[in-house]
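J.: here's a sequence, model it:
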Amino acid sequence: MDPSFLPAQRLAELTRTRKLGCLELLEHFLARVERLDPRINAVVVRDFERARARARMLDGQSDRSAPLFGVPMTVKESFDVAGLPTTRGHVALRDQPAAMSSLPVRRLEAAGAVIFGKTNVPVDLADWQSFNPVYGSTSNPWNTGHTPGGSSGGSAAVLAAGLAGLELGSDIGGSIRVPAHYCGVFGHKPTWALCPNFGDPATTAAAVTDIAVTGPLARSAGDLDVALSILAGPDPTETALTTPLPAARCTRLADLRVAVWADQPGQPTDPETVAKLEELAAFLEREGATVSRTARPDFDPTAAYHLYLHLLDAALSARSSEDFLAEKRRAAATLAADDMSADAVMIRATDMPHRVWLQLNERRHRFRRAWSAFFQDWDVLLCPAMATAALPHMQDGQTWERRLTVNGTDIPYNNMLFWPGLTCGTHLPATVAPLGLTAAGLPLGVQIAGPLYGDRTTIAVAGLLEQSWRAFVPPPGWT
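T.: Numbers count the residues shown, from 1 in each chain. As a prediction, the model looks like this:
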């Protein structure tokens, strides 16, 4: 039996029942990394010897009840792993090892995972292309001329290529969901602040960054659910309070109430994505689900999108250098009054007074209440994860200097933030599951949005679609 593409739960079952040793399973994945990773350059930090020592230790344990017992996995480069550098693509940080691991890494290891490396990211986690001057460029296993997405691009690539059993990513503008969509795997953006991420006190902010979340990527919806159970819950150094997440709202497609938002005027979306979502909507109707193609939360989508962009820029501003802020101020002075591109909206947010941010936050919470009312009538919302399938490598210039054509319309690169941003600014959970393939053979994913703390529901719906619509399929040439 080839374990390369098995779900993490199945891998844990093999080691738990001693059908495979932990070290034996680890060596299988390490051999695949050494043989196949040069094709995509995803596992950019390798910690093989410590992983082998941990696997040997687990092989000697009698208690094998941990949910991820012996599962070999990698984590996104931006997470601290004690003894390894966390560069976020900056050369100056490559020789500065973290003193302690991030909380989610510690929780995964306590659950039995064997972490053997870290996966590639863009500089400052701020691109849908995963390349940087420290580790180079990562490619998509489905087509190495294309990006695997970002910023958790290496994370999705290793799963699609069968190089690890599970992955840990983060998301503030699609950084889990876009790579999952681009690489044909599952990904979950949790409700904001559900999964804390404190690490090395010397380098980790004690405060949670607005909008930013930590979450899993996997080859099955069930793995997302297991990983979320491990990652969720307050940081115990802050509080002992725990609150269980609500159970999934439904266990059958026939009981599901689904709103489908396949396209949006003014936000070009590739016709193949729209068509696949319409196919899925028709399938759900045949399965007995209640489906609406017109139900929407009660607010102006453009206003909500621009609010997200303002809040996103504010959230990122704390780590912006003075040189970068000066560049934004110069750019703001040159903007045309009618320029409402994503970049222009964010540039105008530079140096936002705190009073203005508080007013925006009030609007955000009004939108959250509109979403809450919407999810009284609908269990989930299905929409695109991104405007297109995986893009070709686009690495020239800054993101705000790039342009592309979507559905015949020339748009700025960052205008694609609309679909990822739909659930971000209001802190909603969203799961991405495989939707299908384009005519060119690239994966598409569906974004499954739910109410605040409705994480179990969005993952459960992904699981129902996995069983009846489309499961993970390995890309050609990697089996």
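J.: ok, residues contacting stretch 467-479?
T.: 2, 4-5, 36, 141-142, 160-162, 184-186, 219-220, 253, 280, 283, 287, 433-436, 441, 466 (CB atoms under 8 Å, 6 or more residues apart in numbering). In this view, the C-beta of every residue, glycine as well, is placed from N, C-alpha and C.
J.: in helices, which of those residues fall?
T.: 36, 160, 280, 283, 466 (DSSP state H).
J.: next, work out how far apart the second one and residue 188 are.
T.: Read it as residue 160. 16 Å (CB to CB, to the nearest Å).
J.: swap in residue 312?
T.: 20 Å.
J.: so these two - more neighbours on which side?
T.: Neighbour count, other CB atoms under 10 Å: between residue 312 and residue 188, residue 188 has more, with 32 against 23.
J.: so who does the more buried one touch?
T.: Going by CB under 8 Å, 6+ apart, residue 188 touches 176, 215-217, 224, 227-228, 429-432, 455, 458-459, 462.
J.: in its sheet, which strands sit next to the helix or strand where it lies, and in what direction?
T.: Here residue 188 is covered by strand 186-189, with elements defined by DSSP states H and E. Using DSSP bridges, the strands paired with strand 186-189 are strand 213-218 (antiparallel), strand 430-437 (antiparallel).
J.: helices or strands up against the helix or strand that comes right after the longest one?
T.: It stands for strand 430-437. Once the chain leaves strand 430-437, the next helix or strand it forms, by DSSP H and E, is strand 443-449. If contacts are counted by 3 or more CB pairs under 8 Å, 6 or more residues apart in numbering; DSSP states H and E, strand 443-449 sits against helix 177-183, helix 271-286, strand 380-384, strand 430-437, helix 455-468.
J.: circling back to that earlier point, nearest to residue 78, of the strands paired with strand 186-189?
T.: Of all these, strand 213-218 sits nearest to residue 78, with 9.8 Å by CB to CB.
J.: got the angle for whichever helix or strand comes after the closest one vs strand 443-449?
T.: Note on strand 213-218: by DSSP H and E, the next helix or strand toward the C-terminus is helix 221-231. When axes from the mean of the first three to the mean of the last three CA atoms, to 10 degrees is applied, the directions of helix 221-231 and strand 443-449 differ by 50 degrees.
J.: in helix 221-231, what's buried?
T.: 221-228, 230-231 (16 or more other CB atoms under 10 Å).
J.: residue 235 contacts residue 196, doesn't it?
T.: Yes. With contact defined as CB atoms under 8 Å, residue 235 counts as touching residue 196 (4.3 Å).
J.: those two: which is more packed in?
T.: Using other CB under 10 Å, the more surrounded residue of residue 235 and residue 196 is residue 196, with 21 against 13.
J.: which SS state does that one fall under?
T.: Three-state assignment for residue 196 (DSSP: H, G, I helix; E, B strand; the rest coil): coil.
J.: can you pull the contacts of residue 465?
T.: For residue 465, the contact set (CB under 8 Å, 6+ apart) comprises 221, 280, 433-434, 446, 448.
J.: ranking those residues by neighbours, who comes first?
T.: Top of the contacts of residue 465 by neighbour count (other CB under 10 Å): residue 433, with 33 neighbours.
J.: for the closest residue to that one other than its chain neighbours, the count of nearby residues, please.
T.: Spatial nearest neighbour of residue 433, excluding adjacent residues (CB to CB, 6 or more residues apart in numbering): residue 462 at 3.9 Å. Residue 462 has 27 neighbouring residues, counting by other CB under 10 Å.
J.: what score does residue 462 have for pLDDT?
T.: At residue 462, the model reports a pLDDT of 98.
J.: surely it is in contact with residue 224?
T.: Yes. Contact status for residue 462 versus residue 224: in contact at 7.0 Å, counting by CB under 8 Å.
J.: overlap in contacts, these two.
T.: With CB under 8 Å, 6+ apart, residue 462 and residue 224 have common neighbours 186, 188, 431.
J.: show me what the last one is bridged to.
T.: Assessed by DSSP bridges, residue 431 has beta-bridge partners residue 188, residue 448.
J.: adding distance to residue 329, write the ones in helices among the contacts of stretch 467-479 out as CSV.
T.: Supplementary listing: the ones in helices among the contacts of stretch 467-479 in CSV, determined by distance: CB to CB, whole Å:
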residue, distance to residue 329
36, 46
160, 41
280, 45
283, 50
466, 48
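J.: generate a ChimeraX selection restricted to the buried subset of these.
T.: The buried residues among the ones in helices among the contacts of stretch 467-479 can be selected in ChimeraX (16+ other CB under 10 Å) with this line:
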select :36,160,280,466
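J.: looking at the ones in helices among the contacts of stretch 467-479, spot the one nearest residue 166.
T.: After measuring the ones in helices among the contacts of stretch 467-479 against residue 166 - CB to CB - the closest member comes out as residue 160, at 13.1 Å.
J.: how close does the spatially closest residue to that closest one that is not a sequence neighbour get to residue 115?
T.: In space, and not counting its chain neighbours, residue 160 is closest to residue 183: 4.1 Å by CB to CB, 6+ apart. Going from residue 183 to residue 115 by CB to CB gives 20 Å.
J.: neighbour count for the two, which is higher?
T.: Set residue 183 next to residue 115 and count neighbours by other CB under 10 Å: residue 183 wins out with 32 against 24.
J.: and that one, how close does it get to residue 323?
T.: From residue 183 across to residue 323, the span is 34 Å (CB to CB).
J.: worst-scoring helix or strand of this structure, pLDDT-wise?
T.: helix 322-334 (a mean of 90; mean pLDDT, DSSP states H and E).
J.: so what does it touch, helix or strand wise?
T.: By 3+ CB pairs under 8 Å, 6+ apart, helix 322-334 packs against helix 342-348.
J.: which helices and strands sit right next to the helix it packs on?
T.: Helices and strands touching helix 342-348, by 3+ CB pairs under 8 Å, 6+ apart, are helix 301-317, helix 322-334.
J.: can we see that at 10 Å?
T.: helix 301-317, helix 322-334, strand 409-412 (3 or more CB pairs under 10 Å, 6 or more residues apart in numbering; DSSP states H and E).
J.: and those, which is most packed in?
T.: helix 301-317 (a mean of 20; mean count of other CB atoms under 10 Å).
J.: got the angle for that one vs helix 322-334?
T.: Counting by the same axes, to 10 degrees, helix 301-317 points 150 degrees away from the direction of helix 322-334.
J.: how far does helix 301-317 sit from the chain's center?
T.: Mean-position distance between helix 301-317 and its chain equals 19 Å (CA atoms, centre = their mean, to the nearest Å).
J.: mind splitting the protein into its structural domains?
T.: Following automatic domain parsing, one gets these domains for the chain: 8-251+414-468, 301-363.
J.: including distance to residue 275, could those go into a markdown table?
T.: Below are the domains of the chain laid out as a markdown table (distance: least, CB to CB, whole Å):
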| stretch | distance to residue 275 |
| --- | --- |
| domain 8-251+414-468 | 9 |
| domain 301-363 | 21 |
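J.: where does this structure dip in pLDDT?
T.: For the chain, no stretch is flagged by pLDDT under 70.
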